[in-house]
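Participant: predicted model and sequence follow; I will ask about them next.
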Amino acid sequence: MSRGGARTLPSGSPPGGAARVGLRLAHLHLASRRVPAALAAVAACAVGLRIALLHGHWTAYGARQLPLIFETGCAVVIAATTASPFGEPERATGRWLPFLRLGTALVLTAAAAGALAAAGTGAHLAGGTLDVLRDTAGLTGLGLLCAAALGGPLAWAGPAGYLMVALYALYTQWHGPALTTPWIWPARPPHDVGAAICAGLVFAGGVLLIAVRGARDTVAGS
């Protein structure tokens, strides 16, 4: 039944019917994107970082590299969840799809940053929590941008390629000449405003693009 152009539930619908439909839709979206498996992978990265911090003996150079590797792993996992098993039919029929994509990306990124930051509690986490938040967000943004351009199955290429650049930039901090551009934010200090802005811009661009367009996928990844 419609009143003033707005769609309403039939009079016989049980109370809370719209909410249950919304929850069902969100559940199906999360399941189709393998979000539970992604959360398990993020937790595994956090556990791996925790073990490495507590039982490894790291130089200052190695201590800066260590969290970056696990942050990249989380970014790759999050970017992979953008792949759709339904392709164009889902894009044509899912009016709530942009919001579901947006929410999934934000929640997974927050979960990854929180888990990695918690892994450093009581241990020597180089760069601290601010470094984890900035680097995880920026790397995830790269993964989302790559998913929109190349598709979910190839989204790992962005974070993995950037990891190589970042590791080299960290190397130059000790061996010179140092790379100081804020666009290579993992090599900048945690309180560097320019680096935080660059990482934030990449993350915002990736999240918005993946929410509006989704990953460049078709059915069965063809």
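Facilitator: Done, it's in.
Participant: in the chain, which spans are helices?
Facilitator: 17-32, 35-55, 60-80, 88-93, 97-119, 128-150, 157-175, 193-213 (DSSP state H).
Participant: out of the ones you listed, which gets nearest to residue 183?
Facilitator: helix 193-213 (5.1 Å; Cβ to Cβ). Quick note: C-beta positions are derived from backbone N, CA and C, even for glycine.
Participant: what's in contact with that closest one?
Facilitator: 82, 98-99, 101-102, 105-106, 109, 134-135, 137-138, 140-145, 147-148, 182-183, 185, 188-189 (Cβ atoms under 8 Å, 6 or more residues apart in numbering).
Participant: could you redo the last one with a cut-off of 6 Å?
Facilitator: 82, 98, 101-102, 105, 134, 137-138, 141, 144-145, 148, 182-183, 185, 188 (Cβ atoms under 6 Å, 6 or more residues apart in numbering).
Participant: of those, just the buried ones, ChimeraX syntax please.
Facilitator: In ChimeraX syntax, the buried subset of the contacts of helix 193-213 is picked out as below (16 or more other Cβ atoms under 10 Å):
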select :82,98,101,105,134,137,138,141,144,145,148,183,185,188
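Participant: before we move on, the earlier item: would JSON lines of the helices of the chain with mean pLDDT be doable?
Facilitator: Output for the helices of the chain, formatted as JSON lines (pLDDT from 0 to 100):
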{"stretch": "helix 17-32", "mean pLDDT": "67"}
{"stretch": "helix 35-55", "mean pLDDT": "92"}
{"stretch": "helix 60-80", "mean pLDDT": "91"}
{"stretch": "helix 88-93", "mean pLDDT": "52"}
{"stretch": "helix 97-119", "mean pLDDT": "92"}
{"stretch": "helix 128-150", "mean pLDDT": "94"}
{"stretch": "helix 157-175", "mean pLDDT": "92"}
{"stretch": "helix 193-213", "mean pLDDT": "95"}
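Participant: any idea which of those helices is most buried?
Facilitator: The highest mean neighbour count among these, using mean count of other Cβ atoms under 10 Å, belongs to helix 128-150: a mean of 25.
Participant: measure how far that one is from the centre of its chain, please.
Facilitator: Helix 128-150 has its C-alpha centroid displaced from the chain centroid by 6 Å (Cα atoms, centre = their mean, to the nearest Å).
Participant: stretch 152-159 too?
Facilitator: How far stretch 152-159 lies from its chain's middle: 12 Å, per Cα atoms, centre = their mean.
Participant: okay, now that stretch: how far is its last residue from its first?
Facilitator: 13 Å (Cα to Cα, to the nearest Å).
Participant: any figure for the gap between residue 130 and residue 191?
Facilitator: 7 Å (Cβ to Cβ, to the nearest Å).
Participant: could you do residue 103 as well?
Facilitator: Look at residue 103 and residue 191: by Cβ to Cβ, they are 30 Å apart.
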